[in-house]
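S.K.: Sharing a sequence plus its predicted fold:
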Amino acid sequence: MSIEVRNIHKNFGQFKALNNVSLKVENGELLALLGPSGSGKTSLLRIVAGLDFHDAGQVLFSGQDARDQKVKDRGVGFVFQHYALFRHMTVFENIAFGLRVQPRPVRPSEQKIREKVTELLKLIQLEWVVDRYPWQLSGGQRQRIALARALAVKPRVLLLDEPFGSLDAQVRKELRLWLRRFHDESHITTLFVTHDQEEALEVADRIVVMNQGRIEQVGTPEDVYHNPVNAFVLNFLGNVNFFHCRLAEGKAIIGDTALEVPGLSVDQPKAAKLYVRPNQFRLSRGPGKGTSLKAVVEFINPAGTLVKVNLKADTGERLHVEITQEEYRQLKLVKAMAVFVSLKDVSYSEYVQTAA
Amino acid sequence: MNTRTEPVVIRRLFIGIALGFFGLFIVLPLICVFYHAFSKGWVVYLQALAHPDALAAMRLTVITALVAVPLNLVFGVAASWAIAKFDFKGRDLLLSLIDLPLSVSPVIAGLIFVLIFGAQGALGPWLRAHNIHVIFALPGIILATIFVTFPMVARELIPVMRSQGNEEEEAALTLGASGWKTFWMVSVPNIRWGILYGIILCNARAMGEFGAVSVVSGHIRGLTNTLPLHVEILYNEYQSAAAFAAASILVLLAIVTLVAKTVIEAVIRRGHTA
Amino acid sequence: MKPGFVKKSILPGFSLSLGFTIFYLSLIVLIPLAMLFIKSSSLGMAQFWSVITADRTLAAYRLSFGTAFASACVNAVFGSIVAWVLVRYSFPGKRIVDALVDFPLALPTAVAGITLTELYAPTGWIGQFLNVLGIKGAFSPFGITVALTFIGLPFVVRTVQPVLEDLDPQIEEAAASLGADRWQTVRLVILPVIFPALLTGVTLAFARAIGEYGSVIFIAGNMPLKTEIAPLLIMTKLEQYDYAGATAIAIGMLLISFVLLAAANYFQWLTSKNLGKV
């Protein structure tokens, strides 16, 4: 089922939780709502579910306005951030709940319920906890039970609020791969909220980046990472260095140095901010053929897939640079050594209005 | 040395002071009741309890509690649902108004019902015309008891419901449950221990209430005497052993209440671990 | 219902539950209490004033509020110690002591009254020793204070205890690591944190003690001007069918206690405001 929201507004007193948000989720898509806390992503998810009410705008399910549809009739499976498992029920009863509360004529038989619950427990690989209570389970297990409970009623869309937010790093990684695989098999339209860019980039088909109640950008992970529409998206999706500079004739002029900027063309000199990802720098021991920035190594952390190097440029900027282990060995970097920095690429640049 | 404790001397001194105070104010009275109750032997004790007036008093006490507690329970559930689950203007005011009966003297609680239903009261002439007895009769006793125990269930339930939040109810609704089903299958089971806790405390106070009931009862033996009033009459007639025998039943009620309360607290605590 | 009165929610039953709550509250508490004030308005100011400023009334007020205050002070000290001992130390029988703290709440007040009277009477287990010391146990303000202390103990212990339990051990360790000795830590770190709770507990005990009847009338002696508490005076007026007098005294009592409680709440708000929500 496709979901569309049109011009949604939602205020909490003076605070604008959602400010004219429009979005279309395609049928069978796995979509991440990504943003810092307070960006409105959870509000949007709850409004889609029918758990909260919007002040203005429309929510459409498969093109139908859902305004008068009660939560119970919307066919959404909602997984809460803290799972909201029924604490007085066993795992079995939790998963069976949605089936048991169906109106008598359509309610499945006890036998059918048992089969369905067993099938779901098999799906989440937790058959052996069937008689336990929620408090006897680990966070990761509760998370999967909450998912199974939501799936039991065959929802048309699955909504997950920070599904991995309160889990250990290791479990979180496993579960998000599991969710991706599950979605590839079930193709159920899924919308999940997260503040973790890595999670969104790894799992989602498309990412919606939100900030202060507005949507900043919608796109594939590749798209939002490599072609951010503004500095917020760029910043939120990973570490970035930035320089104040003047752009002229394909070069960025920082102090006395003119750095060559690949793929840049400007008609006339302009003041600008230049954003560079840590892996977009090239380091060398001598000044290369292009002009480059002289810097001193302040700190090196070689533990990891990439080597993290902190530099202080002669112009005063501090740079966070990532190079491969191979480059690190070739350069024989040590602390306090002088290096030369040039640019492989630039993520994003924006022009700064200079005072007239 | 552990930075979170005191020298042994001070620790012992404190434990000594606490236990001494405690023994003087709690344990000694407890022993005193049973000592006096049995001061004239088993036979007198049992005779005192089997006296028709004593039995009538016990019956009246039970009837009063059987009416007052369920009414306050329904109120407590409704009030805690509205206050804990919803965000509305005037919620704090409502909370203070619910607690109001706790800061009103029981004697004043009795007085207000006399002012309404008494012979000179606002509804007095009308009640007399229709031959309805409220004051110096069962309805008055029940009303005064309800007033005095009014907030006791609500006060226990509101914090419990608040701490549980709304998520489980929301989950039930997204799973297709109706409002009633959500209430009965999710909300009520979650507060069942809180409900029981509230009932027990409310019941103890309802059965033991003295001041308010004393004002509205009229002290008619065998008819409008509750057990605490029965104790008073016997004591004032210098039938000390009989008075303490009747009192011992109320002490047992208090002890059962405390045991039940402790057990429920343990169960609740166990449910919150892990 | 006006828009904006309640935050819209998908949970059902708001109107029903709030409606019933307000209906029941009005029926049982608000309307009856309002009757008290309606009745008093029929008195006229002069008559009202003459009743509540009569010597006997003033003596009763003084006794009720005085003994209530004294018992609240006793409980502030000993209640805190009991709470501290229950939270911090372990000793045999601790769980029983903990459970029995609520005994005064569970015990019908009349039973407490006759028992304490029996104990503190001149021939009683405690009274005979007090006699030797020249203290009159029962039938004196001392006896009244004893009864009110009994009634008020659980209020103080049960409000201070949870705050002590929740106290972060690290703040004491931090104080000690910064060079504070134990007494400084208790005085400068622990007491300020538990103070608002202590004040709440003492206020609750005080409020309960002001209106207390059952546990007091047996031990009080009930001599007009000397050992007659305000609730008893109301009772006496009622028995003489002096409804106007009873109402006036009741209103006076309610007004004084509401003012005192409001002051206590305000003071508590002042002291707890700086602690924030830790």
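M.R.: Received it, and whenever you're ready, just let me know what you need. Numbering: from 1, shown residues only, chains lettered A, B, ... in the order given.

S.K.: CA only for contacts and neighbour counts going forward, please
M.R.: Will do.

S.K.: which stretches of the stretch 151-300 of chain A have low pLDDT?
M.R.: A:265-267, A:288-291 (pLDDT under 70).

S.K.: what residues does it put near chain B?
M.R.: A:V153 (C-alpha under 8 Å from any C-alpha of the partner chain).

S.K.: What strand or helix carries the residue in the stretch 151-300 of chain A that chain C sits nearest to?
M.R.: Of all residues in the stretch 151-300 of chain A, the one sitting closest to chain C is A:L159 (17.1 Å; C-alpha to the nearest C-alpha). A:L159 belongs to strand A:157-161 when assigned by DSSP states H and E.

S.K.: next structured bit after that strand?
M.R.: Taking DSSP H and E, what comes next after strand A:157-161 is helix A:169-186.

S.K.: does the residue of the stretch 151-300 of chain A closest to chain C really touch A:G75, like I thought?
M.R.: No. When contacts are counted by C-alpha atoms under 8 Å, A:L159 is not listed as touching A:G75 (10.7 Å).

S.K.: Comparing the two, which residue is more hemmed in?
M.R.: A:L159 (24 against 21; other C-alpha atoms under 10 Å in any protein chain shown).

S.K.: what's across from that one in the sheet?
M.R.: Using DSSP bridges, the bridge partners assigned to A:L159 are A:F78, A:L191.

S.K.: Next up, phi/psi of B:A119, please.
M.R.: phi -60, psi -40 (degrees, to the nearest 10).

S.K.: Tell me who's in contact with it.
M.R.: Neighbour list for B:A119: B:P125, B:R128 [criterion: C-alpha atoms under 8 Å, 6 or more residues apart in numbering or on different chains].

S.K.: give me that answer again for 7 Å
M.R.: B:P125 (C-alpha atoms under 7 Å, 6 or more residues apart in numbering or on different chains).

S.K.: Residue in the stretch 51-200 of chain C with the shortest distance to chain B?
M.R.: C:P108 (4.1 Å).

S.K.: ok, now the stretch 251-356 of chain A?
M.R.: Closest point on the stretch 251-356 of chain A to chain B, by C-alpha to the nearest C-alpha, is A:G304, at 35.6 Å.

S.K.: helix, strand or coil for that residue?
M.R.: coil (DSSP: H, G, I helix; E, B strand; the rest coil).

S.K.: Kindly report the same for A:F243.
M.R.: From three-state DSSP, the assignment for A:F243 is strand.

S.K.: List the residues that contact it.
M.R.: A:K273, A:L274, A:Y275.

S.K.: And B:I142, by the same measure?
M.R.: B:T64, B:A68.

S.K.: Swap in 6 Å and give it another go.
M.R.: B:T64 (C-alpha atoms under 6 Å, 6 or more residues apart in numbering or on different chains).

S.K.: Likewise for the one 10 residues further on?
M.R.: B:M152 makes contact with B:C202 under the criterion C-alpha under 6 Å, 6+ apart.

S.K.: got the domain boundaries for chain A?
M.R.: With domains defined by automatic domain parsing, chain A comprises A:3-236, A:241-351.

S.K.: Of all the ones you listed, which one is nearest C:Y89?
M.R.: domain A:3-236 (30.0 Å; C-alpha to C-alpha).

S.K.: Show me the contact partners of the strand holding A:L159.
M.R.: A:V76, A:G77, A:F78, A:V79, A:F80, A:Q81, A:T189, A:T190, A:L191, A:F192, A:V193.

S.K.: Leaving out chain neighbours, which residue sits closest to the fourth one?
M.R.: Going back to what we said before, that points to A:V79. Residue nearest to A:V79 in three dimensions, not counting chain neighbours: A:L160, with 4.7 Å by C-alpha to C-alpha, 6 or more residues apart in numbering or on different chains.

S.K.: where's that neighbour relative to B:M58, distance?
M.R.: 58 Å (C-alpha to C-alpha, to the nearest Å).

S.K.: Looking at the two, which is more packed in?
M.R.: In this view A:L160 and B:M58 are compared by other C-alpha under 10 Å, and A:L160 has more residues nearby, 26 against 23.

S.K.: Tabulate the contacts of strand A:157-161 (JSON lines), appending neighbour count.
M.R.: Output for those, formatted as JSON lines (neighbours: other C-alpha atoms under 10 Å in any protein chain shown):
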{"residue": "A:V76", "neighbour count": "25"}
{"residue": "A:G77", "neighbour count": "28"}
{"residue": "A:F78", "neighbour count": "30"}
{"residue": "A:V79", "neighbour count": "27"}
{"residue": "A:F80", "neighbour count": "22"}
{"residue": "A:Q81", "neighbour count": "18"}
{"residue": "A:T189", "neighbour count": "22"}
{"residue": "A:T190", "neighbour count": "26"}
{"residue": "A:L191", "neighbour count": "23"}
{"residue": "A:F192", "neighbour count": "24"}
{"residue": "A:V193", "neighbour count": "27"}
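
S.K.: Turn the residues you listed into CSV, columns for distance to B:P70.
M.R.: What follows is the contacts of strand A:157-161, written out as CSV (distance: C-alpha to C-alpha, whole Å):
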residue, distance to B:P70
A:V76, 39
A:G77, 38
A:F78, 37
A:V79, 37
A:F80, 35
A:Q81, 37
A:T189, 48
A:T190, 47
A:L191, 46
A:F192, 45
A:V193, 45
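
S.K.: And these, which two are furthest apart?
M.R.: A:Q81 and A:T189 (18.7 Å).

S.K.: which regions of chain C sit below the pLDDT cut-off?
M.R.: C:1-4, C:274-278.
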